[in-house]
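Trainee: The amino acid sequence is not available; the structure is as follows:
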């Protein structure tokens, strides 16, 4: 009798190791996929651990370059940011990992995909929507939504007991008071002591960045970021004149440099797609620098009304990505619209890094790009073709509705008049 094959999104941690054993006891043949998206992991140790538990095969998929070039870079181009603060590090990694999972499923003829995402979180939605978009007939096994699994395993202590009973090595420290997810773009921290939003996150939590108040260099540093059609093409360290020209090199350099200045730390409460509010702490040093540079060049380059429209589309796309709809007709449509606007966004931006923040201090259009910035026209030292008298008519036309409002409803009251009432 043929045994059903399952592709398991495996991390080597406690949850997915126990899920691997649980699936084997359900008589599945399990192929584990570890996706390398830039996290610091001992992949060989995790591979050996899965094989020892009983996995038929373990695939370590190196998708770092794909992740940066096909997910992070488009996100920078689109200026994606969720609820004005979160640069979507985990959200962007999930569709990238899903592609690796589907590739493994097709290679091995597997009908099932299993993951260890919690039933309360966003990742279950992201993995499964991506899977259904890429292979609609795939079946999902989500243990943390399985009634029997949830009855048996209430939490971490039950998993540890199960691991010990089944000879599974428990390398995680039970005392670690939060969970961590890392990739090339960021590290995120949640749960445990962070679930109380009134408690300040401990300083020992941060792994990518130094404390900007006590450990960061006091002398500022400058870099120049180059863009073509909204995509980063090079980063220059202005102190050494060294240029980084591949996406992986650029992001690694900016992560290291931004991390030394404590750039990219945020501590937020966000709205999960499943309807819950959750607290997350994030470190995104390189992404924060690239976002700031791109935003500055975008405002410099785009027509005002195009920029306003693009910002609305950016917010929609940020929601799509956060909610798990990277592979969807609406996301494809919005991305194409934004890419059209980004054809005008080419040039360079000088960024100054200081403890805890970065800012644009100079910008220039690309040599082959046009520029809406007209120094002669905007100068206060010459008229430059601008007719000041025309402003009077412009103001008069805009004042028509203001005057009509006063005629119909009476004059606006100042603060003093309101207090006198």
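Mentor: On my side now, so go ahead. Predicted, not measured: the structure shown is a model, and the values here were computed from it.

Trainee: CA only for contacts and neighbour counts going forward, please
Mentor: Will do.

Trainee: Show the pLDDT at residue 417.
Mentor: For residue 417, the model assigns a pLDDT of 69.

Trainee: Same question for residue 403.
Mentor: The model's pLDDT for residue 403 equals 96.

Trainee: C-terminal to the strand or helix carrying residue 160, what's the next element?
Mentor: Here residue 160, judged by DSSP states H and E, is contained in helix 156-165. Sequence-wise, the next helix or strand downstream of helix 156-165 (DSSP H and E) is strand 179-182.

Trainee: Name the surrounding residues that touch the helix holding residue 160.
Mentor: 14-15, 17-18, 152-153, 169-170 (C-alpha atoms under 8 Å, 6 or more residues apart in numbering).

Trainee: Same check on stretch 334-342?
Mentor: Residues from elsewhere that reach stretch 334-342 (C-alpha under 8 Å, 6+ apart): 77-78, 229-230, 298, 302, 306, 310, 313-314, 317.

Trainee: hmm, try it at 10 Å
Mentor: Stretch 334-342 has contacts (C-alpha atoms under 10 Å, 6 or more residues apart in numbering) with 74-75, 77-79, 228-231, 298, 301-303, 306-307, 309-311, 313-314, 316-317, 320, 326, 329-331, 345.

Trainee: I'd like the contacts of helix 156-165 laid out as CSV, including secondary structure.
Mentor: Output for those, formatted as CSV (DSSP: H, G, I helix; E, B strand; the rest coil):
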residue, secondary structure
14, helix
15, helix
17, helix
18, helix
152, helix
153, coil
169, coil
170, coil
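
Trainee: can you pick the most crowded of those?
Mentor: Of all the contacts of helix 156-165, the highest neighbour tally under other C-alpha atoms under 10 Å goes to residue 17, namely 25 neighbours.

Trainee: which of the contacts of helix 156-165 lies closest to residue 279?
Mentor: The shortest approach to residue 279 among those belongs to residue 15, at 21.2 Å (C-alpha to C-alpha).

Trainee: So what does the closest residue to the closest one other than its chain neighbours have for phi and psi?
Mentor: Closest residue to residue 15 apart from its sequence neighbours, by C-alpha to C-alpha, 6 or more residues apart in numbering: residue 116 at 6.5 Å. Main-chain torsions, residue 116, degrees, to the nearest 10: phi -110, psi 20.

Trainee: Look at residue 116 and report its pLDDT.
Mentor: Looking at residue 116, its pLDDT is 96.

Trainee: and the two most separated of the contacts of helix 156-165?
Mentor: 152 and 169 (19.7 Å).

Trainee: Give me the buried positions along stretch 18-32.
Mentor: Residues of stretch 18-32 classed as buried by neighbour count (16 or more other C-alpha atoms under 10 Å): 18-21, 23-24, 28-32.
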